[in-house]
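> Here's my sequence, what's the structure:
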Amino acid sequence: MKGRSLVVVAFLAALAGALYAAFGPTYESCDMDRCGSESTVSVNGWWVLAVIAVPVVFALAPVVFDRRPVRIASTVLLWAFCVIAGFSVGLFFVPAAILMTIASVRSDPVATAAT
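Got it, this is the predicted structure:
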């Protein structure tokens, strides 16, 4: 898989993680009679979309600016978000961080041809 398409797949993984973290069944509660699950947005409100959108913006930057330093910065920021928000929504973005790491360590075809 080429580096550019791997960056797009990493962005799509971040987008999928954000959608699941926001609207998926992430909370479960039980009372005496029944159990049920709710989404993050329904429990915490719409403001959490601002927090969940941060790693999506980090993953979007290398799609818009196709440069290796941008991919590396995006990788570092995605991993930092995964660690800092690890106990809440950070784990939903680990696949995107892994894919962006692979895209960052791959060499640019232009740089290889120029040497």
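> Would you map the helices across the chain?
3-23, 40-44, 48-64, 68-84, 94-105, 109-114 (DSSP state H).
> which stretch in the ones you listed is the model least sure about?
Between the helices of the chain, the one with the least mean pLDDT is helix 109-114; it has a mean of 54.
> ok, back up a step: name the stretch from the helices of the chain that approaches S29 most closely.
helix 40-44 (9.1 Å; Cβ to Cβ). All C-beta atoms are positioned from the backbone trio N, CA, C, and that covers glycine.
> Might you report the residue contacts of the residue nearest to the spatial centre of the chain?
Taking Cα atoms, centre = their mean, the centroid of the chain lies closest to A14, which sits 3.0 Å from it. Residues in contact with A14 (Cβ atoms under 8 Å, 6 or more residues apart in numbering) are 55-56, 58-60, 78, 93, 96.
> sorry, back to before: out of the helices of the chain, which is closest to C30?
Across those, closest to C30 is helix 40-44 (Cβ to Cβ), at 14.7 Å.
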